[in-house]
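Undergrad: return atomic coordinates for the entry below.
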Amino acid sequence: MVNIVIELFLLSIGASFVQRTTGFGFGIFIMTMLPSIMPSYGEATTLSGLLAMTTSLIIVVQKYKYISWSRLLPILLTFIIVSICAIFMLKRMEYGVLNILLGIMLILTSIYFTFFSKRIKVKTTMPVQITAGTLSGLMGGFFGMQGPPAVLYFVSSEPDKEHYLAMTQTYFLMGNLMMTMARAYNGFFTSTVSIGYIYGISGVVVGNLIGAWLFKHITGSLLKYIIYAYIGILGGIGVGFSAQYGWQAVFNTFGALAIATETYGLQGAVSLRVIQNVFGVVFALAFCVIFYWFMSKKKESDVTVHAE
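TA: Numbering: from 1, shown residues only. Model (predicted):
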C-alpha cells in the first residue's frame, strides 16, 4: 500500500510539472504507469482525468483573462461529443483492441512531428477545429490522452505563450469535467479512484509550483521546441502500452526519429538510424559466424578427446 501511495505521489508531481510547463501531457505521463497500479483501465483513465482537471483548474484561475471563447468553443464542443461517445464504447472493447488503437494514434502523431510539423502550418479554420476536436476526443475518451491534437491547434492559433496556456487549460478543464461525468455514469468512478485522488492531489500541487516557476523563465519559441520534442517522445512512451514486439519496434523507430530530428535534422536523423541498423546487422552476422566457428572447433575437440 505504501508503495502505491509513493508511486501516485511521484507520478502526480511529474505529470503536473509537465502539464504546467508545456500546457499538456498530464495523461500521457501518468498513464505510462497508472494502469499497472489501478484495478482497471477505466478507473486509471478516470483518476488521470480527475488529477489533470485539478491541474488545469489551478492554471485557469491564474490565466483566465487570456481566454478567447470564439476560438475555443468549436474545438471544445467537438471534443466533448466525440469523447463521450468513445467512453461509452470503452466498456465494450477488449484491452488488446485498445492497445492497437493507442498504437495507431501514437504512431500517426509521431510521424507528423517527425516529418511534417515544420512544413505544414495549421490554419485556425472550422474544419481544422473539428478535426482536432475529433482526434482529441478519441484519444481522450479511450486513453485519457487528449493533448496532442489540441496542442497542435492551439500552438498555431494563439499569439503568445500566455494565451496558449490559458486556452489549452480551459479546454482540458472543460473536457475532463465532461469525461469524468461520463466515466462516473459508466461505473468507473469508484472508491479506489477517490482514494487515489487523495493520494495524488498533493503531488499535483507540488508539480504545479515547480512548473509555474519554469514557465516564467522560458520564451515562446523555446516553449514550441519543448512541445514538439515532448510529443516526439510519444513513440517511445508507446512502447509501454504495446503488447507485441512488432508494435514495440514501430514505436521505437518513430519515437527515436522524432527526438533525433530536433537535434540532427530529418536527413541526419534518418541517416543515423540507417547507419545504426546496418552496424547492428553486421555485428550480429559477425558474432554468429565467430560463435558458430568457435562451437564447431569445440565440438571437433570434444570428439577427438572421446576418440582417444
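
Undergrad: any idea which helix or strand carries Ile4?
TA: Here Ile4 sits within helix 2-22, counting by DSSP states H and E.

Undergrad: go through that helix and flag the buried ones.
TA: Of the residues in helix 2-22, 7-9, 11-22 count as buried by neighbour count, 16 or more other Cβ atoms under 10 Å. (C-beta placed from N, C-alpha, C; glycine too.)

Undergrad: would you list every one of the helices in the stretch 151-300 of the chain?
TA: When secondary structure is read from DSSP state H, counting those that start in this stretch, the stretch 151-300 of the chain shows helices at 161-185, 191-216, 220-232, 234-237, 245-307.

Undergrad: weakest of those helices in terms of mean pLDDT?
TA: Note on these: lowest mean pLDDT is at helix 234-237, with a mean of 52.

Undergrad: so Thr124, which of the three states?
TA: Judged by DSSP: H, G, I helix; E, B strand; the rest coil, the three-state class of Thr124 is coil.

Undergrad: that one contacts Arg71, correct?
TA: Yes: under the criterion of Cβ atoms under 8 Å, Thr124 makes contact with Arg71 at 6.4 Å.

Undergrad: pull up the overlap in contacts between the two.
TA: Common contact partners of Thr124 and Arg71 (Cβ atoms under 8 Å, 6 or more residues apart in numbering): Ser157.

Undergrad: that older thread, check which helices and strands the helix holding Ile4 sits against.
TA: helix 26-30, helix 34-37, helix 41-63, helix 191-216, helix 220-232 (3 or more Cβ pairs under 8 Å, 6 or more residues apart in numbering; DSSP states H and E).

Undergrad: what residues does Ala150 make contact with?
TA: Counted by Cβ under 8 Å, 6+ apart, Ala150 has contacts Phe24, Ile75, Phe79, Ala132, Gly133, Ser136, Thr168, Tyr171, Phe172.
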